[in-house]
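Engineer: coords below, sequence missing:
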């Protein structure tokens, strides 16, 4: 199990009800982590529409996670 | 006589005055700048003036010609001394003759202020203690602007007070506070004045972008917006007032910006950005600022700047958050599609009308966009890595996420902005009135939010209402068959929904072009 710090933006923050949380997870990749959280928070946004950043850099969904990583899920935003 | 000249011998103001005489002129105003015996607490013994002559002559001549054109005076001229001058000597002379005194005073003031700001002249002060120092004249002009520090004398055959408020003519715009930055300087100001910027969308983001760019003295600003000012815009678009409601945004914005800074050439494009017009618009500007509230337009702009090899600054807001992305046409810089390969659909994440927003949120993001524009134009972004910056105005946290070009991205694929392919029915239909739309045989579906329908006139209501927020969240579903005309306020959200429904296999679904706003009552 890895302890990962997660930050949410926009609609994901609304759905999750928090802007950040610390999770203990067995998820091996960013994709696994999103799927786990999407099920828990009922995100309803397909992963393909989002971007994930690990430790302040945009990453591929296949990126492997390590303990202490900071993961940010970013949906696109349109308002102006 | 020459409009602007330098002289290394004492100026003969009487002779110059004679050259401006004209039988049609009813007045003459002159200004004389004298060498003063003190500056900032130090006693000055003499002065030396030096100029970058080739450039200075051109700029001086431009200023005098501007004054003649702007104020409609008969003749104007300016002469500046160079070399070593003693206390009390005449350093600079401006003379203007005109039909009436008002414009003569205004033009005279304009010329001396502009010469001090814009003409590259340096002044070396020799102090009684043997020390000396170079003083840039624009700095001394900046100080004079706040408190007349008295080394100027005005000669006029009329009321002196009018020199300060010359009959309604606005004082000259003063860039001294930004020129004072070592990274800006006069050269930087000249770069801004030579630049042209296209701002797409004059809403919550566009308003601060336009205000700060106009105020900074960008030479040419294009404003693209096809909407009118609505009362519900004012809380986050304070460039507009209640009296502007119902008037076209782009034109109203230009009007207010003109009042802010007459140095800026404003170009009004009263249209939405479309696949048909975006390339022609982008072509005429150095840089593009994307300030719309929908993905369709954002991707249109991204595709166009990629094709035209122009830098662009994107931003978006959602409730209390926002994102900023700078695009530069360099090999390793990502475009909008690199970041969002699966072009997002409008409605999936709310815009301001649906999700709500506080004014300072787009204001902050818009100001950040304006700053990125100035950075680019002034060359202050050397070594900057491409990134997406997220801003949360509730927690006051910003995060800079390093982004890379996506090797799989084709950068300007018309995915999200696909126009109807040949042989396919058009996505949009145009109607003159709501009655005509009802008579079309299509079922009208209003996808606006409930609050947007509250002020619809009685008898002009659309019975079928499926609010976009409910559709997006899956609370209601669109029927899988039937013939529909999707309707919203301006035709942007409805077009997006229509595209999605077509993609889902519904063939006879259309969007009302321009939305309800485009209908005649």
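Structural biologist: Thanks, I have the structure now. The model shown is predicted, which means the values in this text are computed figures rather than measured ones. Numbers count the residues shown, from 1 in each chain, chains lettered A, B, ... in the order given.

Engineer: and residue B:362, what does it touch?
Structural biologist: A:79-80, B:203-205, B:207-208, B:236, B:317, B:322, B:352 (C-beta atoms under 8 Å, 6 or more residues apart in numbering or on different chains). C-beta coordinates here come from the backbone N, C-alpha and C atoms, glycine included.

Engineer: right, I mislabeled it, should have said residue B:56
Structural biologist: The contact partners of residue B:56, by C-beta under 8 Å, 6+ apart, come to B:6, B:119-121.

Engineer: what are the phi and psi values for the residue most central in space within chain A?
Structural biologist: With distances taken as C-alpha atoms, centre = their mean, chain A has residue A:73 as the residue nearest its mean C-alpha position (3.9 Å). Dihedral angles phi and psi of residue A:73 (degrees, to the nearest 10) take the values phi -100, psi 130.

Engineer: about what we covered before: list only buried entries from the contacts of residue B:56.
Structural biologist: Judged by neighbour count, with 16 or more other C-beta atoms under 10 Å in any protein chain shown as the criterion, the buried members of the contacts of residue B:56 are B:6, B:119-121.

Engineer: farthest-separated two in these?
Structural biologist: The widest separation within the buried ones among the contacts of residue B:56, taken as C-beta to C-beta, falls between B:6 and B:120 and amounts to 11.7 Å.

Engineer: joint contacts of those two?
Structural biologist: With the criterion set as C-beta under 8 Å, 6+ apart, the overlap between the contacts of residue B:6 and residue B:120 is B:51, B:56.

Engineer: follow-up on the earlier one: can you check the pLDDT for the residue nearest to the centre of chain A?
Structural biologist: Each residue has a pLDDT score; the one for residue A:73 is 92.

Engineer: isn't it right up against residue A:49?
Structural biologist: No. At 10.7 Å, residue A:73 does not count as touching residue A:49 under the criterion of C-beta atoms under 8 Å.

Engineer: Output the contacts of residue B:362 as TSV; include the columns pLDDT.
Structural biologist: Formatted as TSV, the entries for those read as follows, by pLDDT from 0 to 100:
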residue	pLDDT
A:79	80
A:80	75
B:203	96
B:204	97
B:205	98
B:207	98
B:208	98
B:236	96
B:317	93
B:322	94
B:352	54
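
Engineer: Restricted to strands, list the residues you listed.
Structural biologist: B:317, B:322 (DSSP state E).

Engineer: Out of the contacts of residue B:362, the closest to residue A:8 would be?
Structural biologist: Looking across those and measuring by C-beta to C-beta, the closest to residue A:8 is residue B:322, at 14.9 Å.

Engineer: Show me what that closest one is bridged to.
Structural biologist: Under DSSP bridges, the beta-bridge partners of residue B:322 are residue B:317, residue B:391.

Engineer: quick one: it and residue B:344, what's the gap?
Structural biologist: Using C-beta to C-beta, to the nearest Å, residue B:322 is found at 16 Å from residue B:344.

Engineer: Could you pull up the residues touching residue B:267?
Structural biologist: When the contact criterion is C-beta under 8 Å, 6+ apart, the partners of residue B:267 are B:220-223, B:254.

Engineer: Quick one: distance of stretch B:377-387 to the chain centre.
Structural biologist: Using C-alpha atoms, centre = their mean, to the nearest Å, we find the averaged C-alpha position of stretch B:377-387 to lie 20 Å away from the chain's own average C-alpha position.

Engineer: and what of stretch B:501-512?
Structural biologist: 38 Å.

Engineer: So what would you say the end-to-end distance of it is?
Structural biologist: The straight-line separation of the ends of stretch B:501-512 (C-alpha to C-alpha, to the nearest Å) is 14 Å.

Engineer: And it, what's buried?
Structural biologist: Counting neighbours by 16+ other C-beta under 10 Å, stretch B:501-512 gives B:501-502, B:506, B:509-512 as buried.

Engineer: Give me the buried entries from the contacts of residue B:362.
Structural biologist: With burial judged by 16+ other C-beta under 10 Å, the buried subset of the contacts of residue B:362 is A:79-80, B:203-205, B:207-208, B:236, B:317, B:322, B:352.

Engineer: could those residues be laid out in a markdown table, adding distance to residue B:366?
Structural biologist: Conversion of those to a markdown table gives the following (distance: C-beta to C-beta, whole Å):
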| residue | distance to residue B:366 |
| --- | --- |
| A:79 | 12 |
| A:80 | 9 |
| B:203 | 9 |
| B:204 | 7 |
| B:205 | 4 |
| B:207 | 7 |
| B:208 | 3 |
| B:236 | 10 |
| B:317 | 9 |
| B:322 | 9 |
| B:352 | 13 |
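
Engineer: Out of the residues you listed, which is nearest to residue A:68?
Structural biologist: Of all those, the one sitting nearest residue A:68 is residue B:322; the distance, using C-beta to C-beta, is 28.0 Å.

Engineer: Secondary structure element holding residue B:130?
Structural biologist: Using DSSP states H and E, residue B:130 sits in no helix or strand.

Engineer: neighbours around it, how many?
Structural biologist: By the measure other C-beta atoms under 10 Å in any protein chain shown, the count of residues near residue B:130 is 7.

Engineer: Now narrow the buried residues of stretch B:501-512 to whatever sits close to chain A.
Structural biologist: Filtering those for proximity to chain A by C-beta under 8 Å from any C-beta of the partner chain leaves nothing.

Engineer: Tell me which of those fall in strands.
Structural biologist: Assignment to strands by DSSP E places the following of the buried residues of stretch B:501-512 there: B:509-512.

Engineer: Can I get the residues you listed in CSV including pLDDT?
Structural biologist: What follows is those, written out as CSV (pLDDT from 0 to 100):
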residue, pLDDT
B:509, 89
B:510, 90
B:511, 92
B:512, 92
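
Engineer: Between the residues you listed, which sits nearest chain A?
Structural biologist: residue B:511 (17.2 Å; C-beta to the nearest C-beta).

Engineer: Throw the buried residues of stretch B:501-512 into JSON lines and include distance to residue B:297, thanks.
Structural biologist: Conversion of the buried residues of stretch B:501-512 to JSON lines gives the following (distance: C-beta to C-beta, whole Å):
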{"residue": "B:501", "distance to residue B:297": "20"}
{"residue": "B:502", "distance to residue B:297": "19"}
{"residue": "B:506", "distance to residue B:297": "24"}
{"residue": "B:509", "distance to residue B:297": "21"}
{"residue": "B:510", "distance to residue B:297": "20"}
{"residue": "B:511", "distance to residue B:297": "15"}
{"residue": "B:512", "distance to residue B:297": "18"}
